[in-house]
Structure formats: C-alpha cells, structure tokens
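Visitor: Give me the fold of what follows.
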Amino acid sequence: MKKAEKFFLDIVSREGCVVCHNLGYRNLPNASIHHLRFGVGAGQRNDNYACIGLCHAHHQQEGHGVSLHDGQGVWEEIFGTEMELYEGMIERIIARYGDPRPEGYTIERNLPKVKRIE
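Guide: The predicted model follows:
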C-alpha cells in the first residue's frame, strides 16, 4: 500500500461512520473501511480510494436492514447507495483537508480490469 493510500484510509477512518454522521450523530469513533462494490464483480475489491467508513453496526453482523453485509439492497433503501454516501463523505473530506486523492481521480476510471469470457 502506498503512503498516499494509507493517508486517505486514515482520514476516512477518522471521519467515522458515514451512516451515523448522516443520522446526526457526532463525535464518532474511528470507523472500519468498507471498499465500495460499485463496478466490481464477485470476489473483487475496488481500490483504496473507493471506500467509505462504517461502524461495526452499519458494516456487518447487526442484522438485515442495519448492516450492509446482511442485505445491501434493503440497507441502501434505508441509508442511501454506496455512491451517494461516498460522494457526501468526499465533499466533507475535501472541505476539511483538500482532496487527498490522486489528481484527476474518479472511481469509474480506476475500476479493476475484469476479464470477460465470451
């Protein structure tokens, strides 16, 4: 992992859970990193700049409708899509720190290369 990626992940973690933030909670503890599933296939992971911070309850193992990994469709209906949450988080990070991502970074341009079987 590059130093710049670690710096970005540290910022995302320090910002706390994006869902808790949107629910109005403040003074959030550090969050765990969730790599977005946007644009990647099963068993693949987005790069380290395509992630959001989630608390344990909103990330995994708190039940259907609460945790992302216990039912992403219902979770996104309640809390918003990963991309909506990512965009809100990035706006807050840029306002506070400037943009810590590489110049010209976009998720779409940095999607993992998937081999297609014809």
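Visitor: Give me the three-state assignment for Ile33.
Guide: strand (DSSP: H, G, I helix; E, B strand; the rest coil).
Visitor: Quick one: residues contacting it.
Guide: Leu9, Val12, Ser13, Cys51, Ile52, Gly53 (CB atoms under 8 Å, 6 or more residues apart in numbering). Heads up, the C-betas are built off the backbone N, CA and C, glycines and all.
Visitor: what about 10 Å?
Guide: Phe8, Leu9, Asp10, Val12, Ser13, Asn48, Cys51, Ile52, Gly53, Leu54, His59 (CB atoms under 10 Å, 6 or more residues apart in numbering).
Visitor: bridging residues for it?
Guide: Note on Ile33: beta-bridge partners by DSSP bridges are Gly53.
Visitor: Glu77 versus that one, what's the distance?
Guide: To Glu77, Ile33 is 23 Å away according to CB to CB, to the nearest Å.
Visitor: Can you show me the helices along the protein?
Guide: In the chain, the helices defined using DSSP state H lie at 3-15, 18-22, 56-59, 72-79, 82-97.
Visitor: Can you tell me which of those helices is most buried?
Guide: Mean neighbour count (mean count of other CB atoms under 10 Å) peaks for helix 18-22 among the helices of the chain, with a mean of 20.
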